[in-house]
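> Quick one, structure for this:
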Amino acid sequence: MKLTLKWVVWFSAIGVYVMLLGGVFYYNLFKLTFDEKLKQDILEAARLKSPEMIKGLLRSPRVITFEEFDVMNWLRSDKRITEVVYLNANGTIRWHPQGQYIGMQFEDYEKTVGVLTDAIGQAYYSGNPKVRAVPKQPFYDIAIPLKAKGEVVIGILSLQVSREGADKIIKSAMRKYVLGAVGVLILLGIPLYIFLSHYVLGPLGSLRDNIDGVSAKSLNMKFPPRKDEIGEVADSLNGLLEKVRLEIDTLSEREKQRQGYEQSWWLAVLGTAVPRAAKALVVDEDNSVLFANFELNKPDPTQKLHLLDIVDSRQQDVLRLIGMAMDNPRQTMEGDTIFKGETAHVKVVQMHSETNMRRTLILFEPRPSV
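Model (predicted):
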């Protein structure tokens, strides 16, 4: 996987991870804020109208007054409030949107209709407003005790409040958060990608091209100097190439010296140990002719001659002796053949050095004609 793709994957993964963490945090924050605002708004509205309801309860404990009726209608006009139940202190329903429930005891109402939460009971016994979330439904059950002087509960106002408006606001806020987070990631990713492309990927590509241009003939990398990590890598590579070049030069010089020593040694051997009338050849492990004590016809002086350029492939007796010598190093193999139109006695010996260098000496000694 290329560095660019890895960066995109990592940046995207980290961005999504941060967005999820931020989404959880902001969702809970929005939910707390807007739900709390919804509850406080309803409680504040009930407190605003509580004096009129308290006056009505004190004036007529059993029958609702016109002022209280107006309050009930005012509460019902709030689209957030889906149901209103108004109770007397003795537990009878003082007002309900459905007239058949007015005057019914709360215990009977609970058996008939059912109660979503225990908010009314908790508000009555504690004397404080209670807010309960309705399980698995988008509602709050809010019970507000109405107290006269002496903190005596003389009535309870029960409201069922829809959370749909708050949920819509929360969803809208979350959509804005997601769009904003994606926008921030894009705005942040573009300059980071430009930086990566200009200061990392571009120099790496140039360094790669320079490395590809290095050859054995030119161990030199033309990379512009940089004062960063990529420049340090380029300097290290240049240092390595310089060491390789020096090593190659050293090995080349040693090879030249070895060839010079070997040439002098074989010339001395061929000049002293081989009779003048005999013709001698020295070949390497590839059967290329290295030295000879007679003149060789070379079309190109710089090219080496192969043994088959001198010894005809039809001379199987010579090739057989050479094969036997290769199988039996340091042992002399002898036979007769015809070399350059003359009868000759052939001697072949292969020699090994400690460096596993192989040299084969082939000696053609002329025989007098019978």
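> and the residue nearest to residue 296 when sequence neighbours are not counted, how many neighbours does it have?
Spatial nearest neighbour of residue 296, excluding adjacent residues (CB to CB, 6 or more residues apart in numbering): residue 305 at 5.9 Å. C-beta here means a position set from N, CA and C on the backbone, and glycine is covered the same way. For residue 305, the number of neighbouring residues by other CB atoms under 10 Å comes to 19.
> ok, residue 305 - contacts?
288-289, 296, 298 (CB atoms under 8 Å, 6 or more residues apart in numbering).
> Going through these, which ones are buried?
residue 289 (16 or more other CB atoms under 10 Å).
> export the contacts of residue 305 to TSV and tack on secondary structure, pLDDT and distance to residue 125?
Output for those, formatted as TSV (DSSP: H, G, I helix; E, B strand; the rest coil; pLDDT from 0 to 100; distance: CB to CB, whole Å):
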residue	secondary structure	pLDDT	distance to residue 125
288	strand	84	113
289	strand	84	119
296	coil	76	125
298	coil	70	122
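> Looking at the contacts of residue 305, which is nearest residue 115?
residue 288 (108.9 Å; CB to CB).
> residue contacts, that closest one?
304-307.
> Over to residue 306?
Residues in contact with residue 306 (CB under 8 Å, 6+ apart) are 287-289.
> Sticking with the residue most central in space within the chain, tell me its helix or strand.
Centroid-nearest residue in the chain: residue 6, 3.9 Å away (criterion: CA atoms, centre = their mean). Assigned by DSSP states H and E, residue 6 falls within helix 3-59.
> What is that helix packed up against?
With contacts defined as 3 or more CB pairs under 8 Å, 6 or more residues apart in numbering; DSSP states H and E, the packing partners of helix 3-59 are helix 66-76, strand 81-88, strand 139-148, strand 152-162, helix 164-196.
> Return the distance of it from the chain's centre.
Remark: helix 3-59 is offset 35 Å from the chain centroid, using CA atoms, centre = their mean, to the nearest Å.
> Please tabulate the helices and strands packed on helix 3-59 in JSON lines and include distance to residue 124 as additional columns.
Shown next, in JSON lines, are the helices and strands packed on helix 3-59 (distance: least, CB to CB, whole Å):
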{"stretch": "helix 66-76", "distance to residue 124": "19"}
{"stretch": "strand 81-88", "distance to residue 124": "8"}
{"stretch": "strand 139-148", "distance to residue 124": "6"}
{"stretch": "strand 152-162", "distance to residue 124": "6"}
{"stretch": "helix 164-196", "distance to residue 124": "27"}
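> that's a strand at residue 350, yeah?
Yes - the assignment for residue 350 (DSSP: H, G, I helix; E, B strand; the rest coil) places it in a strand.
> Give me the local confidence score for it.
As predicted, residue 350 sits at a pLDDT of 86.
> if I look at the residue nearest to residue 296, how far off is residue 82?
110 Å (CB to CB, to the nearest Å).
> Next: residue 296.
Look at residue 296 and residue 82: by CB to CB, they are 115 Å apart.
> Residue 203 is nearest to which of the helices and strands packed on helix 3-59?
helix 164-196 (10.9 Å).
> just checking, what packs against the helix or strand following the closest one?
Reading on from helix 164-196 to the C-terminus, the next helix or strand found by DSSP H and E is helix 202-212. When contacts are defined as 3+ CB pairs under 8 Å, 6+ apart, helix 202-212 sits against helix 229-272.
> pLDDT (mean, whole number) over the helix it packs on?
Confidence for helix 229-272, expressed as mean pLDDT, is 82.
> what angle sits between that helix and helix 202-212?
Here helix 229-272 runs at an angle of 0 degrees relative to helix 202-212 (axes from the mean of the first three to the mean of the last three CA atoms, to 10 degrees).
> So what's the gap between helix 229-272 and the chain middle?
Between the centre of helix 229-272 and the centre of its chain there are 44 Å (CA atoms, centre = their mean).
> For that helix, name the packing helices and strands.
Short answer (3+ CB pairs under 8 Å, 6+ apart): helix 229-272 packs on helix 202-212, strand 279-283, strand 289-292.
> Report the buried residues of the longest one.
Counting neighbours by 16+ other CB under 10 Å, one finds that the buried residues in helix 202-212 are 203, 206-207, 210.
> Can you add distance to residue 242 and give the helices and strands packed on helix 229-272 back as a markdown table?
Listed next are these as a markdown table, based on distance: least, CB to CB, whole Å:
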| stretch | distance to residue 242 |
| --- | --- |
| helix 202-212 | 14 |
| strand 279-283 | 37 |
| strand 289-292 | 33 |
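> the domain parsing of the protein - what is it?
Domains of the chain are assigned by automatic domain parsing as 3-170, 217-273, 274-366.
> want to try a markdown table for these, with distance to residue 185 as columns?
A markdown table is the format used below for the domains of the chain (distance: least, CB to CB, whole Å):
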| stretch | distance to residue 185 |
| --- | --- |
| domain 3-170 | 4 |
| domain 217-273 | 27 |
| domain 274-366 | 64 |
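> measure stretch 123-135 end to end?
19 Å (CA to CA, to the nearest Å).
> Could I get the average pLDDT for stretch 309-324?
76.
> ok, now which ones touch the spatially closest residue to residue 181 that is not a sequence neighbour?
Spatial nearest neighbour of residue 181, excluding adjacent residues (CB to CB, 6+ apart): residue 19 at 4.8 Å. Shown in contact with residue 19 (CB under 8 Å, 6+ apart): 178, 181-182, 185.
> Now list the buried members of the residues you listed.
Among the contacts of residue 19, those classed as buried by neighbour count (16+ other CB under 10 Å) are 181, 185.
> in stretch 318-338, what counts as buried?
Buried, per 16+ other CB under 10 Å, within stretch 318-338: 318-319, 321-322, 325, 333, 337.
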